[in-house]
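Asks: turn this into a model:
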Amino acid sequence: MELTKKFAKLIIETSYETIPETILGAAKERLLDTIGAMLAGRSGWLYASQLMEAVSSLGEGSRTPIGPGNWPCFPPARVAMLNATFAHAIELDDGHKFAGVHAGAVVVPTALEMGAVLGASGREILTAIVLGYEVVYRLAVAQSPELIDHGFHPSATCDTVGAAAVAGKLMRLDEEKMAAALGMAGLQAAGLMEATVSGQQSKCVMVGNAAFNGISCAYVARAGLEGTTTVFEGKTGLFRAMSKPMGADEVTAGIGNPWWITETYNKFYPTCRHSQPGIEAALNLALRYKIDPEQVDSIEVGTHRVAYELTGIIHHPSNPGEAKFSLAYGIAAALLDHGVAVRHLKENAYCDERYLQISDKVKVSIAEDVNALYPKKRGARVTIYMKNGESYTEECYDLKGSPQNPVGYEELVKKFETAATGLLREEKIEELKRRCETFEEEKDVDSFVSLLNWDPE
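Replies: I've put the predicted structure just below:
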């Protein structure tokens, strides 16, 4: 059986009642965390208004993206695209522990927007979220690391299929049309890693467009258009073209038992995930040994090849995109401020000589022993050399918020509150928290989504 049909069968046969309570709890965590990332991106990404102005020329609709309520209305697929872009914009969205893919940024906005439009219940949306993560993770894990090695961005490619799965589930497509939607999504899957090298600010748009393409494929399939059901494992299919030849069974072995949404990591720093082991190791050392940044002589970071190529080269960021992809700058922020926050993506921070002086002391290289563990483990070894001759070393693989180093729900609530405070009124924040926690009881998703709008300044 083709992979599109295997996925379609899983999607159609899975109901809320068949999913374990712990997995549904994980879906609610993904919901809350991604909403926080959406809010942070909508308010903190410099190009949010420009993107919305551009998109407004592509067609009007009846739906509004999150944010101040002074923008034209858009069709649902475009709203999901905008909200997904915001979710990925400042690198606070979740990801898979080693596959290099961010599912939540696309799966959750797609589920919320389509759920609101279609009048879906909270139970239906939570079910769609679990399925969306499963499809995205299965595709990304099976192709790791070859997908990235061949220059394709896992989130933009795999999330297109995940969005089609979510939209198709909420549209209640039958098995044949679901397979067609997934097949068409495989044809639309696109995105290049070059966006991490230059034009980093457009990377989130690439990921957001996965939501638009996936939803579009579900609508087209519902209309009866035939899909390419061999799109993945066919002799000229996605796997051979983008990663490596493989069969459907390699992707679906043990599917749904357990559900892979539990392999999600949470992000606590607005930077590329590949830079974060080095940042967290430096932060741990700074806190443990009470390191005075002025007494630091030099810093050596050994990491894996992908982390070096993506984040180890930039030392003096010239824009917020480069700041997110500069391991040296992230370490400087960690030493000076004991953390990396959204404010470090602003010009007055990444152009501050205090950070740049420390950044210049950081030398990043590929460590063969660390690299040998990739992609199953993505880590870094940091050694801080002091002017008095002392040195401190730490290796970090399991970041705070990863499956191996989990945080409690309260930590995710605090992260959400940080993103929402200053944008939403306190009563809205409290209502969102309450309704996320009991989302299975949700009957009016449209009113839930409307809580993410605020008054124009």
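Asks: measure Val340 to Ile291 for me?
Replies: In this view, Val340 and Ile291 are 16 Å apart by C-beta to C-beta, to the nearest Å. C-beta: built from backbone N, CA, C; applies to glycine.
Asks: quick one: the strands in the chain, in order.
Replies: Ranges of strands in the chain, per DSSP state E, are 67-68, 95-96, 264-265, 296-303, 362-366, 380-386, 391-396, 453-454.
Asks: of those, which is nearest Val413?
Replies: Closest of the strands of the chain to Val413 is strand 264-265, at 16.5 Å (criterion: C-beta to C-beta).
Asks: now render the strands of the chain as JSON lines, adding distance to Val136, mean pLDDT and mean neighbour count.
Replies: Formatted as JSON lines, the strands of the chain follow (distance: least, C-beta to C-beta, whole Å; pLDDT from 0 to 100; neighbours: other C-beta atoms under 10 Å):
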{"stretch": "strand 67-68", "distance to Val136": "25", "mean pLDDT": "92", "mean neighbour count": "19"}
{"stretch": "strand 95-96", "distance to Val136": "8", "mean pLDDT": "95", "mean neighbour count": "24"}
{"stretch": "strand 264-265", "distance to Val136": "10", "mean pLDDT": "96", "mean neighbour count": "22"}
{"stretch": "strand 296-303", "distance to Val136": "25", "mean pLDDT": "98", "mean neighbour count": "21"}
{"stretch": "strand 362-366", "distance to Val136": "28", "mean pLDDT": "98", "mean neighbour count": "18"}
{"stretch": "strand 380-386", "distance to Val136": "26", "mean pLDDT": "98", "mean neighbour count": "22"}
{"stretch": "strand 391-396", "distance to Val136": "26", "mean pLDDT": "98", "mean neighbour count": "17"}
{"stretch": "strand 453-454", "distance to Val136": "27", "mean pLDDT": "90", "mean neighbour count": "18"}
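Asks: Leu335 is nearest to which of these?
Replies: Nearest to Leu335, of the strands of the chain and by C-beta to C-beta, is strand 296-303 at 6.9 Å.
Asks: packing partners for the lengthiest helix in the chain?
Replies: Counting by DSSP state H, the longest helix found in the chain is helix 21-44. Applying 3 or more C-beta pairs under 8 Å, 6 or more residues apart in numbering; DSSP states H and E, one finds that helix 21-44 contacts helix 76-89, helix 104-118, helix 122-142, helix 409-420, helix 426-437.
Asks: with mean pLDDT added, can I get the ones you listed in CSV?
Replies: Below are the helices and strands packed on helix 21-44 laid out as CSV (pLDDT from 0 to 100):
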stretch, mean pLDDT
helix 76-89, 98
helix 104-118, 98
helix 122-142, 98
helix 409-420, 95
helix 426-437, 97
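Asks: quick one, which of those helices is nearest to Pro270?
Replies: Pro270 lies closest to helix 76-89 among the helices and strands packed on helix 21-44, at 9.2 Å (C-beta to C-beta).
Asks: tell me the angle the closest one makes with helix 21-44.
Replies: In terms of direction (axes from the mean of the first three to the mean of the last three C-alpha atoms, to 10 degrees), helix 76-89 departs from helix 21-44 by 80 degrees.
Asks: just the pLDDT at the residue nearest to the spatial centre of the chain, thanks.
Replies: Centroid-nearest residue in the chain: His102, 3.1 Å away (criterion: C-alpha atoms, centre = their mean). Looking at His102, its pLDDT reads 98.
Asks: OK, contacts around it?
Replies: Listed by C-beta atoms under 8 Å, 6 or more residues apart in numbering, the contact partners of His102 are His88, Asp93, Asp94, Gly95, His96, Ser155, Asp159, Val207.
Asks: do you know which of the helices and strands packed on helix 21-44 lies nearest Gly227?
Replies: helix 122-142 (14.7 Å).
Asks: can I get the closest one in CSV, CA atoms only?
Replies: Output of helix 122-142 as CSV, limited to C-alpha atoms (Å, rounded to 0.1, in the frame of the first residue of the first chain):
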residue,chain,number,x,y,z
GLY,A,122,-12.2,21.0,20.6
ARG,A,123,-12.0,17.2,20.5
GLU,A,124,-11.9,17.2,16.7
ILE,A,125,-9.1,19.8,16.7
LEU,A,126,-7.0,18.0,19.3
THR,A,127,-7.3,14.8,17.3
ALA,A,128,-6.2,16.7,14.1
ILE,A,129,-3.2,18.1,16.0
VAL,A,130,-2.1,14.7,17.1
LEU,A,131,-2.4,13.4,13.6
GLY,A,132,-0.6,16.4,12.1
TYR,A,133,2.4,15.9,14.3
GLU,A,134,2.5,12.2,13.5
VAL,A,135,2.5,12.7,9.8
VAL,A,136,5.1,15.5,9.9
TYR,A,137,7.4,13.7,12.3
ARG,A,138,7.2,10.4,10.4
LEU,A,139,8.2,12.1,7.2
ALA,A,140,11.0,14.1,8.7
VAL,A,141,12.5,11.3,10.8
ALA,A,142,12.6,8.9,7.9
